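**Q** My questions are about this predicted structure, shown below with the sequence.
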Amino acid sequence: KAGVTQTPRYLIKTRGQQVTLSCSPISGHRSVSWYQQTPGQGLQFLFEYFSETQRNKGNFPGRFSGRQFSNSRSEMNVSTLELGDSALYLCASTQLPTDTQYFGPGTRLTVL
Amino acid sequence: QKEVEQDPGPLSVPEGAIVSLNCTYSNSAFQYFMWYRQYSRKGPELLMYTYSSGNKEDGRFTAQVDKSSKYISLFIRDSQPSDSATYLCASEANAGGTSYGKLTFGQGTILTVHP
């Protein structure tokens, strides 16, 4: 079974731009969670989607948004990028009913 | 105070040593506990998953949970240089509401096993 895939793997943007990151979960998994990882804050939960519905959201500003498609693929968008948005963005695919999360390799975003 | 506290280390041990990694948590709603391993520039890899107090063993790895003291541990026996990575503990509350899909992570412990 293929693992979680994330594209692109690396991105460089400038302040004020927006960015869209993509995640394809493991086949058959319908829940996708997104996390931001930085050296200072560690791994922080952004949001979770199940069957195209956002069920949970972390404590991030509205500039961070996401969506999920009918094939369970998910995207997250960050608008009006700030320097502090530089981070590794991780997507996790959830196996039910244990809620076990399997992570993708991440997208490393650098904001200049 | 963070809901999950983990000593960031770094921890350096010789090959073959027994490694002990520890976390404490404060949220009584946490019911599920995981350990992930993360190599540099990679995503976290699930090592252990447990939901009850006691020990769970998988090869060289043993996860230990003590819900009464809110303490979780990971032991690595016969450590190898390939075990050098960052180890992250994570907790999850019962499914539903504000816990859907949300893992709360410790800061991670950087482990180096030298030959």
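**A** Here it is on my side, so go on. Values in this document were obtained by computation on a predicted structure and should not be read as measured data.
**Q** Low-confidence bits of chain B, can you list those?
**A** Residue ranges of chain B with pLDDT under 70: B:95-98.
**Q** repeat for chain A
**A** A:1.
**Q** Around chain B, pick out the residues from it.
**A** A:4, A:31-33, A:35, A:42-45, A:47-50, A:55-56, A:58, A:90, A:92, A:94, A:98-106, A:108 (Cβ under 8 Å from any Cβ of the partner chain). Bear in mind the C-beta positions are built from the backbone N, C-alpha and C, glycine included.
**Q** Quick one: buried ones out of those residues?
**A** Buried members of those, counted by 16 or more other Cβ atoms under 10 Å in any protein chain shown: A:4, A:31-33, A:35, A:42-45, A:47-50, A:55-56, A:58, A:90, A:92, A:94, A:99-106, A:108.
**Q** Might you name the residue of chain B sitting closest to chain A?
**A** Nearest residue of chain B to chain A: residue B:101, at 2.8 Å (Cβ to the nearest Cβ).
**Q** Double-check that residue against residue A:35; I have them as touching.
**A** No - contact criterion Cβ atoms under 8 Å: residue B:101 and residue A:35 do not qualify, at 10.0 Å.
**Q** Quickly list what's touching both of those two.
**A** Residues touching both residue B:101 and residue A:35 (Cβ atoms under 8 Å, 6 or more residues apart in numbering or on different chains): A:45, A:92.
**Q** Nearest residue to residue B:21 in space, ignoring adjacent ones along the chain?
**A** Among residues not flanking residue B:21 along the chain, residue B:74 sits closest, at 4.5 Å (Cβ to Cβ, 6 or more residues apart in numbering or on different chains).
**Q** Tell me how many other residues surround that neighbour.
**A** 24 (other Cβ atoms under 10 Å in any protein chain shown).
**Q** Give me the phi and psi for it.
**A** Reported as degrees, to the nearest 10, the phi and psi values for residue B:74 are phi -130, psi 130.
**Q** State the distance from it to residue B:33.
**A** Remark: distance between residue B:74 and residue B:33 (Cβ to Cβ, to the nearest Å) = 10 Å.
**Q** what sits in contact with each of the two?
**A** What both residue B:74 and residue B:33 touch, as defined by Cβ under 8 Å, 6+ apart, is the set B:63, B:89.
**Q** List the beta-bridge partners for the closest residue to residue B:101 other than its chain neighbours.
**A** Excluding the flanking residues, the one nearest residue B:101 by Cβ to Cβ, 6+ apart is residue A:48, at 2.8 Å. Residues in a beta bridge with residue A:48, per DSSP bridges, are residue A:33, residue A:56.
**Q** what's the residue closest to the geometric middle of chain A?
**A** Centroid-nearest residue in chain A, with Cα atoms, centre = their mean: residue A:34, separated by 3.5 Å.
**Q** which residue sits closest to that one, ignoring its sequence neighbours?
**A** residue A:46 (4.1 Å).
**Q** picking up where we left off before, contact partners for the residue nearest to residue B:21?
**A** Neighbour list for residue B:74: B:19-22, B:35, B:47-48, B:61-64, B:87, B:89 [criterion: Cβ under 8 Å, 6+ apart].
**Q** Report the beta-bridge partners for it.
**A** With DSSP bridges as the rule, residue B:74 is bridged to residue B:21, residue B:63.
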